[in-house]
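Undergrad: attaching a predicted model along with its sequence, questions to come.
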Amino acid sequence: MIIMLNINTKSIKSKIVLYSTFSLLIIGTLSNIFIYQYLNKKLSNKVDVINNMNISNVSSQIDMRLSNLDALTILIANNESIQNIITYKSLNNSFLKSRGLKVQTILTNYIDSSIVNQYVKKAIIFNDAGMIIESIGKEAGYLEDYINVTTSNNFKLLSEDPTRLYQLISKPVISRGKLCIPVLKPIYNLSNHYINGWLYMEIELGIITDILDSYKSYTSLFVTTNSNHIIHSNNHYKIDYKDIIENENNNYEHYIIKSYDLDKYKWKIYIMEKLINMEARSMLSVFYMTVGISLVAGILIFIGASVIITKPIKLLKKRIKKISMKDFSHDYETENLHGEIGEIGLVINEMARDMEKLLEQSIEITNEKKNFEIAMLQSQVNPHFLYNTLNSIHWMATLQKNTGICRLVDALTNLLKNMAHSFSGKVTLEEELSLLDDYLTIQSIRYMESFEFVNNIDESLYNKKIVKMTLQPLVENAIFHGIEPKGKFGTITLDSEIKEDCLLITVTDDGVGMTQDDIINLINSKKETNKTSINGIGYYNVNLRLKLIYGDNYGLSIRSELSKYTTITIKIPLEE
């Protein structure tokens with residue numbers, strides 16, 4: 001029996017049954033524990049949702065009130081009349097006093113028209129010279145208000161560090177009451193943007209407490225500044241807030257604590273609620289019954305499922321084995337399987353088709369490469385014999401003082417030396433252009449300078465790499481198929497461009513041009529159309545070499561217009 005068990009555990013079917021049984025035991029246990037805890041947490045989650053909604057409302061209301069307060073201070077500080085009056089050291093004549101009364105009216109009107117006007121206890125504008133104008137409001141002004149403000153800790157802290165705005169909760173210095181929120185706003189000069197004076201306001205805590213008092217259902221709710229100063233609380237149970245804030249406890253005795261950040265003002269809102277405990281009785285019997293039923297039902301289900309799953313898997317295994325034996329024929333049986341297994345069968349068939357295509361392409365590329373190498377071998381001539389012969393011609397021409405023949409022989413010698421090596425290697429653009437110059441020297445003599453060659457390639461690109469013998473076949477193509485049939489003087493132009501980390505080089509001639517059919521024939525033709533070519537490498541071979549070396553995203557492209565021009569663009573990666 002043990003031997004049979006060891007053998008069966010290697011099959012997918014037995015593994016599914018064993019793993020499923022084990023999984024069911026774990027899942028059954030965990031699910032019952034989850035059920036036990038679920039009811040206890042469900043109500044807490046609902047409370048959390050309600051808390052989040054309420055806190056969102058509280059945050060929105062606080063933000064709206066403080067935003068209105070900010071807007072009020074900005075309106076006052078940017079009023080042109082206030083900015084003008086604050087530049088005077090004193091209001092010592094009737095004209096200035098009249099303007100001062102006007103500014104006092106403006107200041108009062110701004111406050112009275114604001115949504116938060118009921119919370120503004122007192123507001124004054126003043127400068128360093130002692131000139132002061134107070135709003136007309138709930139409390140009267142006093143001569144000592146200027147001294148009280150400028151010597152207060154509120155003014156010192158807020159003027160030195162504007163980020164402390166809404167972080168100070170202090171005793172008022174120019175109004176009555178226990179605590180207030182001091183607000184200080186600089187008033188700038190209109191021309192040079194220097195601070196000419198200040199707007200100082202004392203705001204009642206009611207701007208915040210009126211909002212918080214509307215949420216009395218909580219055990220405790222309080223707001224703190226970033227310095228842990230408590231702005232307001234409804235502490236019904238005399239809880240030690242200091243311990244909660246300093247230690248950032250999530251639980252305190254029989255309470256659960258949630259904190260929420262008001263990032264804009266660097267405040268925190270704390271909510272405390274009593275822990276809700278729910279006893280779940282008779283859970284043990286339910287646990288055993290659920291696990292037993294789940295185990296029996298699961299074993300029966302997974303035995304049936306294992307049979308259903310393993311059968312199509314065997315078909316897929318058979319199909320893959322046929323592919324490994326290079327049988328890429330389409331198998332409809334694997335595609336007719338249901339569900340995800342059928343989708344896998346479809347993917348396997350697609351993979352077989354792609355593998356067959358890749359194999360055919362690989363064979364084709366190998367054959368083309370072999371044919372190309374054979375052609376190169378057939379076209380080679382003993383280099384030493386050829387160089388010695390050309391050297392002899394060079395000296396004969398030198399003795400006869402025929403510089404034209406000397407130049408022609410030198411160009412041919414350099415060209416043949418470069419061609420004697422492999423064409424698949426990379427050279428610098430400067431070296432490739434030097435090889436092209438030798439070729440053009442020969443052709444300009446042959447065609448009696450019936451064409452002009454213009455090189456517009458940026459010299460800063462001369463150190464970039466290019467596959468050897470890329471430019472020469474394309475210029476040769478421009479001469480034979482563009483300029484020569486034209487029967488007139490023509491121009492061949494080289495241009496360059498860097499685009500998206502690629503080097504683009506264009507070869508343009510103003511010859512006879514091509515039709516769209518001519519372009520298609522040139523792209524697809526594997527034969528060199530001109531038998532007088534120096535190396536037998538045409539457009540097709542150049543394009544093929546570039547794609548083999550750099551990839552299918554690179555190579556050649558053609559634009560042409562009949563009787564006007566032809567442009568061939570080389571696209572290769574930018575490399576040094």
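TA: Thanks, I have the structure now. It should be emphasised that the depicted structure is a prediction, and the values quoted were computed from it without experimental measurement.
Undergrad: C-alpha only now, for contacts and for neighbours.
TA: OK.
Undergrad: any idea which helix or strand of the chain has the worst average confidence?
TA: One helix or strand of the chain scores below all others by mean pLDDT, DSSP states H and E: helix 2-8, with a mean of 41.
Undergrad: and residue 108, how far from residue 139?
TA: Distance of residue 108 to residue 139, computed by Cα to Cα, to the nearest Å: 12 Å.
Undergrad: more neighbours: which of the two?
TA: Neighbour comparison, residue 108 and residue 139: the larger count goes to residue 108, with 20 against 13 (by other Cα atoms under 10 Å).
Undergrad: report the contact partners of that one.
TA: 135, 136, 137 (Cα atoms under 8 Å, 6 or more residues apart in numbering).
Undergrad: so which of the residues you listed sits lowest on pLDDT?
TA: On pLDDT alone, residue 137 ranks lowest of these, at 76.
Undergrad: and for it, the neighbour number?
TA: Neighbour count of residue 137, defined by other Cα under 10 Å: 16.
Undergrad: what do you get for residue 361?
TA: 12.
Undergrad: give me the element it is part of.
TA: For residue 361, the host element (DSSP states H and E) is helix 339-378.
Undergrad: and the strand or helix carrying residue 108, what's its mean pLDDT?
TA: Here residue 108 sits within helix 94-113, counting by DSSP H and E. Mean pLDDT, computed over helix 94-113, is 90.
Undergrad: quick check: buried residues in the helix or strand following that helix?
TA: Helices and strands here follow DSSP H and E; after helix 94-113, the next one along the chain is strand 120-126. Using 16 or more other Cα atoms under 10 Å as the test for burial, strand 120-126 gives 120, 121, 122, 123, 124, 125, 126.
Undergrad: who's the fifth one bridged to?
TA: This means residue 124. Beta bridges link residue 124 to residue 134, residue 200, judged by DSSP bridges.
Undergrad: how close does it sit to residue 70?
TA: Taking Cα to Cα, one finds residue 124 at 16 Å from residue 70.
Undergrad: equivalent analysis for the last one, please.
TA: According to Cα to Cα, residue 126 stands 19 Å off from residue 70.
Undergrad: residue 466 against residue 433, yeah?
TA: No: using Cα atoms under 8 Å, residue 466 is not in contact with residue 433, being 10.4 Å away.
Undergrad: neighbour count winner among those two?
TA: Ranked by neighbour count (other Cα under 10 Å), residue 466 and residue 433 place residue 466 first, with 24 against 18.
Undergrad: I'd like the next helix or strand past the host helix or strand of that one.
TA: Element membership for residue 466, per DSSP H and E: strand 465-467. As assigned by DSSP H and E, the chain's next helix or strand after strand 465-467 is helix 471-478.
Undergrad: packing partners for that following helix?
TA: Counting contacts by 3 or more Cα pairs under 8 Å, 6 or more residues apart in numbering; DSSP states H and E, helix 471-478 packs against helix 429-446, strand 502-509, helix 539-550.
Undergrad: after that helix comes which helix or strand?
TA: Going down the chain from helix 471-478, the next helix or strand is helix 484-486, by DSSP H and E.
Undergrad: quick one: the helix or strand following that next one to strand 502-509, angle?
TA: With elements assigned by DSSP H and E, the helix or strand that comes after helix 484-486 is strand 490-499. Orientation of strand 490-499 against strand 502-509 (axes from the mean of the first three to the mean of the last three Cα atoms, to 10 degrees) gives an angle of 170 degrees.
Undergrad: name the residues of strand 490-499 that are buried.
TA: Of the residues in strand 490-499, 490, 491, 492, 493, 494, 496 count as buried by neighbour count, 16+ other Cα under 10 Å.
Undergrad: now do the contacts for the second one.
TA: By Cα under 8 Å, 6+ apart, the contact set of residue 491 is 451, 452, 453, 454, 483, 509, 510, 511.
Undergrad: that one bridge partners, please.
TA: With DSSP bridges as the rule, residue 491 is bridged to residue 452.
Undergrad: what about it, distance to residue 73?
TA: Residue 491 sits 74 Å away from residue 73, going by Cα to Cα.
Undergrad: got it, and the third one?
TA: Separation of residue 492 from residue 73 (Cα to Cα): 73 Å.
Undergrad: for the fifth one, same thing?
TA: For residue 494, the distance to residue 73 (Cα to Cα) stands at 68 Å.
Undergrad: next one: the fourth one
TA: In this structure, residue 493 lies at 69 Å from residue 73, with Cα to Cα as the measure.
Undergrad: that's all I had, so thanks and see you.
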